[in-house]
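Engineer: what's the 3D shape of this:
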Amino acid sequence: MSPAALGEAVSSFLSAVSDELAALSGKPAAGFLADVANEVSNIVGGVMAADDRCTDGELDAYLDVVGPLLDPPLITSTVAARSMNLFRGKPQALQQPSVLFDLLCRADEQYGSRRSHVYYELGLRLAHVSAALDLVPSVAELTLIDTFRSCMLRRLDAGGVPRPGQPAPAPPAAPGPGTPMPAGGAMAPH
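Structural biologist: As a prediction, this is how the structure comes out:
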């Protein structure tokens, strides 16, 4: 997989998740780019570090695509990035829902929306593209992606948010003619 594919996946995640946050808050999407870029860094870095080895190709792609998005921008060599232990703790961060994903889930619970689905789908795409930067993705990388997916699905389930690809729950049926009235209440006029 080429760094260009990582760039496209990063760009899609940044744009779409920032737009969801903007729509939720009523503030400009640009104000969320730094937070969403940190989320990108956690996903990409977590997958890359899952197998405790980062190839020069993976590090170059990360530094070229993700590094400039961070605040402050990360401009360094692969040798320096390796010695800084740049991705320490990032794989563990993907083993629980992030604060940002949780925020989107809470909004979905409150408003009946599906903003968290955008994060879920594009976050998984970002994770898969990150793993594909390796010539052969490792079992540890693929296992972490599955863990990431599972923890997001558990969070959706816990909040009663339909999973991606599932239909919205049907609204309760309106009582029809001849339907008995509920105990203690009157039927609304049609």
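
Engineer: Every contact and neighbour count from this point should use C-alpha atoms.
Structural biologist: Will do.

Engineer: What are the buried residues along the helix or strand of the chain with the lowest mean pLDDT?
Structural biologist: Lowest mean confidence among the helices and strands of the chain (mean pLDDT, DSSP states H and E): helix 78-83, at a mean of 90. For helix 78-83, burial by neighbour count (16 or more other CA atoms under 10 Å) applies to Thr78, Ala81.

Engineer: Following that helix in sequence, what is the next regular element?
Structural biologist: helix 90-93 (DSSP states H and E).

Engineer: by contact count, what packs against that following helix?
Structural biologist: helix 33-49 (3 or more CA pairs under 8 Å, 6 or more residues apart in numbering; DSSP states H and E).

Engineer: Name the residues that touch the least confident helix or strand of the chain?
Structural biologist: Cys54, Asp56, Leu59, Asp60, Leu63 (CA atoms under 8 Å, 6 or more residues apart in numbering).

Engineer: Of the residues you listed, which is the most crowded?
Structural biologist: The most crowded member of the contacts of helix 78-83, judged by other CA atoms under 10 Å, is Leu59 (21 neighbours).

Engineer: which residue ranges form the helices in this structure?
Structural biologist: With DSSP state H as the criterion, the chain has helices at 3-25, 33-49, 56-61, 78-83, 90-93, 99-111, 115-131, 139-158.

Engineer: Can you lay out these as TSV showing distance to Leu70?
Structural biologist: As requested, the helices of the chain are arranged in TSV below (distance: least, CA to CA, whole Å):
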stretch	distance to Leu70
helix 3-25	12
helix 33-49	6
helix 56-61	14
helix 78-83	14
helix 90-93	15
helix 99-111	16
helix 115-131	17
helix 139-158	22
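
Engineer: Comparing these by mean pLDDT, which bottoms out?
Structural biologist: Among the helices of the chain, helix 78-83 has the lowest mean pLDDT, at a mean of 90.

Engineer: Figure out which of the helices of the chain is closest to Pro167.
Structural biologist: Among the helices of the chain, the nearest to Pro167 by CA to CA is helix 115-131 (12.4 Å).

Engineer: Return the set of buried residues in the closest one.
Structural biologist: So for helix 115-131, counting by 16+ other CA under 10 Å, buried means 115-120, 122-131.

Engineer: How about stretch 23-37?
Structural biologist: Buried, per 16+ other CA under 10 Å, within stretch 23-37: Ala29, Phe32, Leu33, Ala34, Val36, Ala37.

Engineer: unless I'm mixing things up, the second one is touching Glu20, no?
Structural biologist: To tie it back to what came earlier, the one meant is Phe32. No. If you go by CA atoms under 8 Å, Phe32 and Glu20 don't touch, sitting 9.8 Å apart.
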